[in-house]
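In: Fold the following.
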Amino acid sequence: MAKGIIPRGHDEFDVFQNNFTTTVEPMLENLGISTDSFKAITDEKAIWQGLYLKASNPQNRTQADVLARNGEQEIYGELLRSFINRFITNNPELSDADRERLGLHVSDGLRTPSPVPVTVPVPSISIGYQQHTISFMDEGSSSKAKPAGVHGCEIWHKKGEAPKSDSELSFVATDTASPHILKFDSSEVGTMVYYRLRWVNTRGEVGPWSALVSAVIG
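Out: Coordinates of the predicted model:
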């Protein structure tokens, strides 16, 4: 649902994200959303606002400023999509009026619901220079096609020691196509990174976790 809602233009995206975050924040408790779940949004919002402001000044901006803003819009936009799909789209506490205030589409209720994923993505990690290429395909499949009704693949990770529970994992991205490339800082070279993946459907409902895989940052 959220993919077509989030604007592609930089200025339109900024208006959307600002309206959405400021409107939804006072509603978190009523919607049953924890402040920890929302913190990733506010952290990314702060990064976006700095880069957007810098790149919006045609007299002082550089090409690097523009590229940084564009890249951050992709990261922040994907985080917003995941948040909306997981916590907002089918939240029974959210009225149609609330959805309109948030700038979201109000469903006519006529579409056939996507099934909850029951299979797991099978991940593989290729190590590059300060980056990991995370490939995935559905279990039992020989192609990169997603299961029916699946929006994308959620990628979660933990750096350092292996996670003792899934609650230690941090969200990376929801990618709609394999592979996903994750870049690291030079200071992280030699660090082990642990990954688990899961499918998410178009309604934000997730399937079971993949096996835990790991790779060192090269």
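
In: Strands along the protein, start to end?
Out: Residue ranges of the strands in the chain, as given by DSSP state E, are 121-128, 131-138, 150-159, 170-175, 180-183, 192-201, 213-216.

In: how about those, which one is nearest residue 23?
Out: Nearest of the strands of the chain to residue 23, taken as Cβ to Cβ: strand 170-175 at 21.9 Å. All C-beta spots, glycine's among them, are computed from the backbone N, C-alpha and C.

In: who does the closest one pair up with?
Out: strand 150-159 (antiparallel) (DSSP bridges).

In: Need the residues that contact the strand it pairs with.
Out: 3, 82, 85, 114, 117, 121, 134, 136, 146, 166, 168-178, 180, 182, 188, 191-202, 204, 206 (Cβ atoms under 8 Å, 6 or more residues apart in numbering).

In: and what of stretch 161-180?
Out: Identification of contacts with stretch 161-180 by Cβ under 8 Å, 6+ apart yields 3, 40, 75, 78-79, 81-82, 85, 126, 133-137, 144, 146, 151-158, 182, 192, 194, 196, 200, 209, 212, 214.

In: First-to-last residue distance for it?
Out: End-to-end span of stretch 161-180 (Cα to Cα, to the nearest Å): 22 Å.

In: next one: stretch 22-40
Out: 14 Å.

In: could we number from 106 for the rest of this?
Out: Got it, the first residue is 106 from now on, which makes the last one we talked about stretch 127-145.

In: Distance from that stretch to the middle of the chain?
Out: Distance of stretch 127-145 from the chain centroid (Cα atoms, centre = their mean, to the nearest Å) equals 16 Å.

In: what would the strands of the chain look like in a markdown table with mean neighbour count and mean pLDDT?
Out: As requested, the strands of the chain are exported to a markdown table (neighbours: other Cβ atoms under 10 Å; pLDDT from 0 to 100):
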| stretch | mean neighbour count | mean pLDDT |
| --- | --- | --- |
| strand 226-233 | 17 | 96 |
| strand 236-243 | 19 | 96 |
| strand 255-264 | 21 | 94 |
| strand 275-280 | 18 | 92 |
| strand 285-288 | 15 | 95 |
| strand 297-306 | 21 | 96 |
| strand 318-321 | 15 | 98 |
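
In: so can I have CSV of those strands showing distance to residue 156?
Out: Listed next are these as CSV, based on distance: least, Cβ to Cβ, whole Å:
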stretch, distance to residue 156
strand 226-233, 25
strand 236-243, 21
strand 255-264, 23
strand 275-280, 18
strand 285-288, 16
strand 297-306, 25
strand 318-321, 29
